[in-house]
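Q: build the 3D model from these lines:
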Amino acid sequence: MTTQPRIHKTEAIVLKHLPLGEADYLVTLYTPNQGKLRAVARGARKIKSRLGGHLEPLMRSSLLVARGQSLDSVQQAEVLEGFRAVREDLDRLSQAIYMAELVEASTPEGQSNYPIYRLLLETLRSLDGPAAPALLPHFQLKLLGHSGFMPELHRCVECETPLEPGRHRFAPGQGGCLCDGCHPAGVTVLPLSLNTLKVLRFLQRCERIEDAVKLRLDDETLTEMRRLMEALLHYVLDREPRGSRFLGQVSQGSKRGAAAELAASAAGGEQA
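A: Numbers count the residues shown, from 1 in each chain. Here you go, the predicted model:
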């Protein structure tokens with residue numbers, strides 16, 4: 001039987017950190033080969049710490065991690081990518097924190113899912129560049145797919161007949177679209193325009209994030225698509241992500257309220 005080494009090296013994207021004790025951080029990491037991990041960074045909150053500046057949320061860092069009986073511990077850390085442009089812009093930062101929260105909430109601990117790691121990393125890199133309105137819905141849709149919850153966009157989830165051009169509706173609790181003839185009782189139904197359905201289908205089959213970045217969307221389609229994705233994620237996660245609130249505040253121009261929500265979300269919203 002092969003035993004795992006006590007100390008191993010990995011790269012990781014920091015999803016969040018929480019204060020632990022007087023000087024430590026409890027960090028939540030997403031790694032390429034081990035999925036989501038939690039580890040203690042001892043002394044990381046001290047001013048002279050060599051760890052703290054390399055373990056801020058959204059950083060991609062190279063780590064040495066020691067396995068422990070209950071929690072692993074970060075022994076060394078070095079920033080590989082800091083995504084400075086994201087950190088210096090409230091709109092980009094709010095999207096990035098929201099994406100990190102979705103990954104943290106939708107993934108089990110210790111279960112490898114490299115496509116999710118690659119999706120998060122490529123999306124952060126794209127956020128670091130020119131603004132791309134389709135980037136967030138692309139991330140939401142692909143994350144749902146990599147987690148096993150890709151919505152049905154081609155057949156009615158009630159009668160399973162292929163959807164024809166015309167009027168459609170979206171049922172988050174059913175996991176996809178409804179044809180105009182199906183009206184299941186007690187099901188929350190949202191309107192779905194033909195143009196939004198076409199965009200969602202394009203993003204669903206989109207293999208390269210560069211293609212999603214090039215997509216230009218009108219405000220009506222973008223608003224409808226985000227409403228559908230947020231409703232589906234709310235159903236899948238069984239709660240409203242904290243980050244969705246300050247995303248709305250940023251889009252409405254409430255910088256002060258958004259900054260407060262952002263700080264709380266980045267810190268995990270609680271003390272460890």
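
Q: so residue 233 makes contact with residue 137?
A: No - in terms of C-beta atoms under 8 Å, residue 233 does not count as a neighbour of residue 137; the distance is 10.9 Å. Bear in mind the C-beta positions are built from the backbone N, C-alpha and C, glycine included.

Q: which strand or helix spans the closest residue to residue 190 other than its chain neighbours?
A: Of all residues not flanking residue 190 in the chain, residue 170 sits nearest, at 4.7 Å (C-beta to C-beta, 6 or more residues apart in numbering). Element membership for residue 170 (DSSP states H and E) is strand 168-171.

Q: from the chain's centroid, how far away is that strand?
A: In terms of C-alpha atoms, centre = their mean, to the nearest Å, the centre of strand 168-171 is set 24 Å apart from its chain centre.

Q: swap in stretch 62-70?
A: Put simply, stretch 62-70 sits 24 Å off its chain's centre (C-alpha atoms, centre = their mean).

Q: quick one: terminal-to-terminal distance for it?
A: Taking C-alpha to C-alpha, to the nearest Å, stretch 62-70 runs 22 Å from one end to the other.

Q: how about residues contacting it?
A: For stretch 62-70, the surrounding residues in contact (C-beta atoms under 8 Å, 6 or more residues apart in numbering) are 4, 6-12, 29, 37, 39-40, 72-78, 80.

Q: tell me which residues in that stretch are buried?
A: By 16 or more other C-beta atoms under 10 Å, the buried positions in stretch 62-70 come out as 63, 65.

Q: which residues in the chain form helices?
A: 84-87, 90-106, 114-127, 135-146, 194-205, 209-214, 219-237, 243-251, 255-266 (DSSP state H).

Q: give me the contacts around the shortest one.
A: Counting contacts by C-beta under 8 Å, 6+ apart, the residues outside helix 84-87 that touch it are 58, 92, 93, 96, 124, 127, 128, 129.

Q: recalculate using a threshold of 7 Å.
A: For helix 84-87, the surrounding residues in contact (C-beta atoms under 7 Å, 6 or more residues apart in numbering) are 58, 92, 93, 96, 124, 127, 128.

Q: please apply the same query to the longest one.
A: Residues outside helix 219-237 that contact it (C-beta under 7 Å, 6+ apart) are 102, 105-106, 133, 137, 140-141, 144, 149, 151, 170, 172-173, 190, 192-193, 195-196, 199-200, 240-241, 244.
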